[in-house]
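Trainee: make a model of this:
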Amino acid sequence: MKLALVTGGCRRLGAAIARRLAEDGYALALHASQNPDVEEALREKLEASGAQWHGFAADLSDGAAAEQLLPRVTGHFGTAPTLLVNSAAQFGDDRLADAAMDFLLEHYAVNCAAPVLLSKAFTAQTGQGAIVNILDQRIANPHGDQLGYSLSKIALSGLTAILARELAPSIRVNAVAPGLTIPTQDYSDGQLEKVRCAMPLEILPEPAQVADAVAWLASAGAVTGQTIFVDGGAHLEAFDRDFVRLD
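Mentor: The predicted structure is shown next:
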């Protein structure tokens, strides 16, 4: 059985990744912080594909919960995952003037520390397979918005390189860095058009394109330690602010 654990896999970008992996024949362990009820488009794909799946709730800011997630998945399916996708993320709107220890540590816990613990458990239980971390295009040219989120994603990028060296040759570790993919309601149509035009390719990535990159890395047997930017070229530019605040 090909079994993938996708954290944050019940909704939004994580759900798009799960849909793509279902197409590739994976059984799916889908994580959510509280309610592991999957969104409708994912449910329809899972039913159509006949993919075996189960939802798991775990607060990844809790170290014990993060460490227990892999054993719970293995216990349910009777086998360990061969693919771990660290997609769950904490996202807040802070800058240096707002910096507070608790807020910074909340982001680091979910966005980097939990992937460390999950990777540790994955290595101990699986012994072989692949890990794909979901980053953000801003790691190439970070700005001051969403400080806690940005710092933790930069740390996750560093973890990707460390683990690629530490876990070879048995486990491959790579990353995907999306650009603006699923806009929130904070964006007006005019803002989205402005952002699109600011991209070197003058396009914004679709969730399915990010998911395709994850699926390719999951099967790319000669690739480790790589980050694929799926962002319309955004990482080539140095933006002063978050996209929603661009003049």
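
Trainee: how about the helix or strand harbouring residue 162: buried residues?
Mentor: Per DSSP states H and E: residue 162 is located in helix 147-167. For helix 147-167, burial by neighbour count (16 or more other C-beta atoms under 10 Å) applies to 147-157, 159-160, 163-164, 167. Glycine gets a C-beta too; all of them are placed from N, C-alpha and C.

Trainee: need the max-distance pair from those residues.
Mentor: Spatially, the most separated pair among the buried residues of helix 147-167 is 147 and 167, at 29.8 Å (C-beta to C-beta).

Trainee: just how off-centre is stretch 157-166 within its chain?
Mentor: 15 Å (C-alpha atoms, centre = their mean, to the nearest Å).

Trainee: quick check: next helix or strand after the longest strand seen in the chain?
Mentor: Using DSSP state E, we find that the single longest strand of the chain is strand 171-178. Following strand 171-178 in sequence order, the next helix or strand is helix 189-198 (DSSP H and E).

Trainee: if we can go back for a sec, quick one: the helix holding residue 162 to strand 171-178, angle?
Mentor: Per axes from the mean of the first three to the mean of the last three C-alpha atoms, to 10 degrees, the angle that helix 147-167 makes with strand 171-178 is 150 degrees.

Trainee: which other residues reach helix 147-167?
Mentor: 86, 89-92, 94-96, 98-99, 103-104, 106-108, 110-112, 115-116, 119, 123, 131, 133, 135-136, 138-139, 142-143, 171-175, 177, 224-225, 227 (C-beta atoms under 8 Å, 6 or more residues apart in numbering).

Trainee: among those residues, name the buried ones.
Mentor: The neighbour count (16+ other C-beta under 10 Å) marks 86, 89-90, 94, 104, 106-108, 110-112, 115-116, 119, 123, 131, 133, 135-136, 138-139, 142, 171-175, 177, 224, 227 as buried among the contacts of helix 147-167.

Trainee: tell me which of these fall in helices.
Mentor: Among those, DSSP state H puts 104, 106-108, 115-116, 119, 123 in helices.

Trainee: ok, residue 45 to residue 39 distance?
Mentor: Computed as C-beta to C-beta, to the nearest Å, the residue 45 to residue 39 distance reads 10 Å.

Trainee: typo on my end, it should be residue 197
Mentor: Residue 197 is 30 Å from residue 39, by C-beta to C-beta.

Trainee: skipping its backbone neighbours, what lies nearest residue 156 in space?
Mentor: Leaving aside its sequence neighbours, residue 156 sits nearest to residue 112 (C-beta to C-beta, 6 or more residues apart in numbering; 4.8 Å).

Trainee: once you drop chain neighbours, what's closest to residue 171?
Mentor: residue 129 (5.7 Å).

Trainee: can you pull the contacts of the residue most central in space within the chain?
Mentor: Among the residues of the chain, the one closest to the centroid is residue 87, at 2.2 Å (C-alpha atoms, centre = their mean). By C-beta under 8 Å, 6+ apart, the residues touching residue 87 are 6-9, 13-14, 17, 134.

Trainee: take those and keep only those in strands.
Mentor: Among those, the residues falling in strands (DSSP E) are 6, 134.

Trainee: tabulate the contacts of residue 87 in JSON lines, adding columns for pLDDT.
Mentor: Output for the contacts of residue 87, formatted as JSON lines (pLDDT from 0 to 100):
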{"residue": "6", "pLDDT": "98"}
{"residue": "7", "pLDDT": "98"}
{"residue": "8", "pLDDT": "98"}
{"residue": "9", "pLDDT": "98"}
{"residue": "13", "pLDDT": "98"}
{"residue": "14", "pLDDT": "98"}
{"residue": "17", "pLDDT": "98"}
{"residue": "134", "pLDDT": "98"}
